[in-house]
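Novice: dropping the sequence and predicted coords here.
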Protein chains: 2
Amino acid sequence: MSGCPMGGHPPTGPDSAPAELPASRLSRRNLLSLAGVGGAAAGLAAGFFGHDTVAAMAADTTPAPADDSVVPFHGDHQAGITTAAQDRLHMAAFDVTTTKREDLIALLKDWTEAAEALTKGLPAGATGAVDGPYGAPPEDTGEALDLNAGRLTLTFGFGASLFEKDGVARFGLDGRRPEALIDLPHFPGDDLDPARSGGDLVVQACADDPQVAVHAIRNLARIGFGRARVRWSQLGFGRTSSTSRAQQTPRNLFGFKDGTNNLKVEDAQLLDEHVWADSTRPQDAWLAGGSYLVARRIRMHIEIWDRTSLGEQEGLIGRTKGTGAPLSGGGEFTDPDFALTGRADKPLIPLDAHVRIAHPAQNGGVRMLRRGYNYTDGSDGLGHLDAGLFFIAFVNDPRTHYVPMQMAMAKTDTLAVEYLEHTGSGLFAVPGGVQPGGYLGSGLFS
Amino acid sequence: MSGCPMGGHPPTGPDSAPAELPASRLSRRNLLSLAGVGGAAAGLAAGFFGHDTVAAMAADTTPAPADDSVVPFHGDHQAGITTAAQDRLHMAAFDVTTTKREDLIALLKDWTEAAEALTKGLPAGATGAVDGPYGAPPEDTGEALDLNAGRLTLTFGFGASLFEKDGVARFGLDGRRPEALIDLPHFPGDDLDPARSGGDLVVQACADDPQVAVHAIRNLARIGFGRARVRWSQLGFGRTSSTSRAQQTPRNLFGFKDGTNNLKVEDAQLLDEHVWADSTRPQDAWLAGGSYLVARRIRMHIEIWDRTSLGEQEGLIGRTKGTGAPLSGGGEFTDPDFALTGRADKPLIPLDAHVRIAHPAQNGGVRMLRRGYNYTDGSDGLGHLDAGLFFIAFVNDPRTHYVPMQMAMAKTDTLAVEYLEHTGSGLFAVPGGVQPGGYLGSGLFS
């Protein structure tokens, strides 16, 4: 290791640190601009403007123009569920390595504080990446210093293994595991990698800039050091769902529009019915405004798919590839007519078409809010890309809103049977939103 | 498999196919708009507008407004070298599986044709994703149908193993392997995974939208079926270099600005001197306007780095973390003063600082054009993110412009020795640019 060189970092005082300015007025970029040229931020800002000027800037309460790169962190629900789906994903699951309840609570408090800052586009920690003492590790890793908040949302969930492992309760959470936080059954065709499945905690970072999402996960992992470690992590390069009617429907790696019939933020009543968790049991009060997150890493056999005819592809999906209209006619958002028949009285939408088998009409009316992403993780060693869909769905109860549909698909949906392989899986209870001064999942520990 | 459902696809005639319109006037999005609602594109467009209208549209030679999402494919040099670095990368190396010279030539011709279309934002193949016969696999996989060209560039290179394997020449290329296309030596600390190294062919896809880059690689792989297979593939989520003075310097996963001193498109004379390959030997004429691409997958031990003090981090890099100014003072673009000393006559820029060891002044004046990307590939199974820098550099001769510097870094650069681990490696000769009517690397086969 090299020694500590001179120069660059004059000592900083709390009265002059830009990190002390109201967070809403300062982006990561502002912090650096304040620093001027050369050296590090805080002290230099004071030197350049003079302490009085910096103090005056701190006292200036003029509201800043709204920053449309910021999604509010606080609310009744966690952000990142009905938030208009951002373009990029980094999701990570963690194993909690401490056995102490107070360490877990401290971790959730630290993560809450960091998430509040990161989602504003601020560095994690009061002194951030460049304003801390020269002899200590920075409180932020720095790779997002020049970037705005990128519509970052951080959504946290708790796996069943946080509540109990091998039948033994953990962290004093006896009897607190929600009934809906089941162990998912084995589905036909599952080929799950334990190293890509499960986890005590999960963090879904979504942003329009992947560096912002990766930066957030990386800093939460850093903050978790000694208390939690990364179990698996997944990058998603392109969203496959819209969660607002203002968004265009994106395409999955089969080349088809995906999630046309997704639940959207505008469907308030349907969200109440299908997405927000039941918290009526007293011990589930912490789930008020919460949900359940189903994550499935679904490898697509794209090379085989790519050698399938256009007609067969459209028959398997039940929609046209171009506009995404159902094969029964109309436009993308026309309801499929499953009864309509064509030549030789065959249904226009085949009996085994994905759109038929996954349709609410075939599944007791259940709906889900999907928030999946396309992924590509290198090659499979057999000459193919390792690529597919990282499926994410938020539902109010996986027993009614995920398991039956996935079981039907795994058994009868030719698309799922022949072209999909589930290689990773996770189910997490997502606590309700955080209010200012509160912390993630606090109701679980009170 | 399901049968072919009726409806949706009226037969299309060559006179009405939008793919027949001048490519420059049609983006993938235009193709779909032409198709109107419901069903697939070509025939419906003719039905909607009438054949005469479509023919008139085809004949309309009014120049379209310039599409700033398109980077021209043709030129003296391949695009994707001095092109202002795009935000996202998908790179793949391929093993050629055919043994026939004519198959290899046909593959290069097919890839050239596809690259011409893809870089314009058009689908691969004349009939694209949705305009082909219903009974045949589409010529494009479709996931980029609604996206513009995204400044896509496709840059192709040839590995040493294309020319000879186990001492035996391949594809009639006896004596054609360029002298500079060496086998890279083992560098101290290398921990190369053969499955992430080498390859007969490489394709660098850069774009501002990752779905566009992934789509391009995936379609080239599809086109290569039976002739070439994916050996390795790498996603890069954020650029770590600027290749134009119009771009802001980005940050790597150490949180520092990277590539401040990079060669840029504005440095024409330096590019001639350091980037464009020597093609004076008659058998190297195909390298005129070409270069050499060095690819190194460099895992960063970010968790250890994150526990290192700010002072130590800056000493290891030799620059401040905030502005990227050298520790000898000034701003980001100030030349480092390696002689300047501070307290106790110690140099302000430590002797083992990365900026000193990698500086041209310490390396016989050699420069390189770097085009690397940050990557995150899941976790390492030990509780850490698998993350780092996918290093890409273009140089005129790796013997003079890469090996000595990398050897020095691997031996004496504390940053490289303690925090970096090279896990993948490739060296490729990059042929010159393609002219209309030509194909990639054609000079090698004439």
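Specialist: Received it, and whenever you're ready, just let me know what you need. Numbers count the residues shown, from 1 in each chain, chains lettered A, B, ... in the order given.
Novice: what about A:Ser244, distance to A:Glu418?
Specialist: 33 Å (Cβ to Cβ, to the nearest Å). C-betas here are computed from N, CA, C, even on glycine.
Novice: tell me who's in contact with whichever residue of the stretch 201-350 of chain A sits closest to chain B.
Specialist: Proximity of the stretch 201-350 of chain A to chain B (Cβ to the nearest Cβ) peaks at A:Gly255, 2.4 Å away. A:Gly255 is in contact with A:313, A:321, B:129, B:138, B:140-143, B:145, counting by Cβ atoms under 8 Å, 6 or more residues apart in numbering or on different chains.
Novice: rerun at 7 Å
Specialist: A:321, B:129, B:141-143 (Cβ atoms under 7 Å, 6 or more residues apart in numbering or on different chains).
Novice: what does A:Thr260 give?
Specialist: Contact analysis of A:Thr260 by Cβ under 7 Å, 6+ apart lists A:249, A:324, A:332-333.
Novice: return the set of buried residues in stretch A:435-446.
Specialist: A:439-445 (16 or more other Cβ atoms under 10 Å in any protein chain shown).
Novice: next SSE after whichever strand or helix holds A:Leu293?
Specialist: Assigned by DSSP states H and E, A:Leu293 falls within strand A:291-300. Sequence order places helix A:302-305 as the next helix or strand after strand A:291-300, per DSSP H and E.
Novice: not counting that next one itself, show me its contacts.
Specialist: Applying Cβ under 7 Å, 6+ apart, the external contacts of helix A:302-305 come out as A:253-254, A:384-385, A:387, A:419, B:218.
Novice: go ahead and confirm A:Cys206 touches A:Gln86.
Specialist: Yes. Counting by Cβ atoms under 7 Å, A:Gln86 is a contact partner of A:Cys206 at 4.1 Å.
Novice: quick one, which of those two is more surrounded?
Specialist: A:Cys206 (31 against 25; other Cβ atoms under 10 Å in any protein chain shown).
Novice: surely the more buried one is in a helix?
Specialist: No. A:Cys206: not assigned to a helix; according to DSSP: H, G, I helix; E, B strand; the rest coil it is strand.
Novice: separation between it and B:Thr155?
Specialist: Taking Cβ to Cβ, one finds A:Cys206 at 31 Å from B:Thr155.
Novice: again, but for A:Gly364
Specialist: 52 Å.
Novice: who has more neighbours out of the two?
Specialist: Per other Cβ under 10 Å, whichever of A:Gly364 and B:Thr155 has more neighbours is B:Thr155, with 27 against 10.
Novice: burial measure for the closest residue to the more buried one other than its chain neighbours, as a count.
Specialist: With Cβ to Cβ, 6 or more residues apart in numbering or on different chains as the criterion, B:Thr155 has its nearest non-adjacent residue at 3.5 Å, and that residue is B:Gly80. Look at B:Gly80: counted by other Cβ under 10 Å, it has 29 neighbours.
Novice: what sits against B:Gly80?
Specialist: By Cβ under 7 Å, 6+ apart, the neighbours of B:Gly80 are B:153-155, B:204, B:206.
Novice: separation between it and B:Phe237?
Specialist: Applying Cβ to Cβ, the value for B:Gly80 to B:Phe237 is 17 Å.
Novice: now A:Gln248
Specialist: 22 Å.
Novice: so for the two, which residue has more residues nearby?
Specialist: More neighbours surround B:Phe237 than the other of A:Gln248 and B:Phe237, with 23 against 9 (other Cβ under 10 Å).
Novice: would you list the phi and psi of that one?
Specialist: The phi and psi values for B:Phe237, taken as degrees, to the nearest 10, are phi -90, psi -20.
Novice: re the thing from before, where neighbours are concerned, which of the contacts of A:Gly255 has the most?
Specialist: B:Ala129 (30 neighbours).
Novice: element containing that residue?
Specialist: Judged by DSSP H and E, B:Ala129 forms part of no helix or strand.
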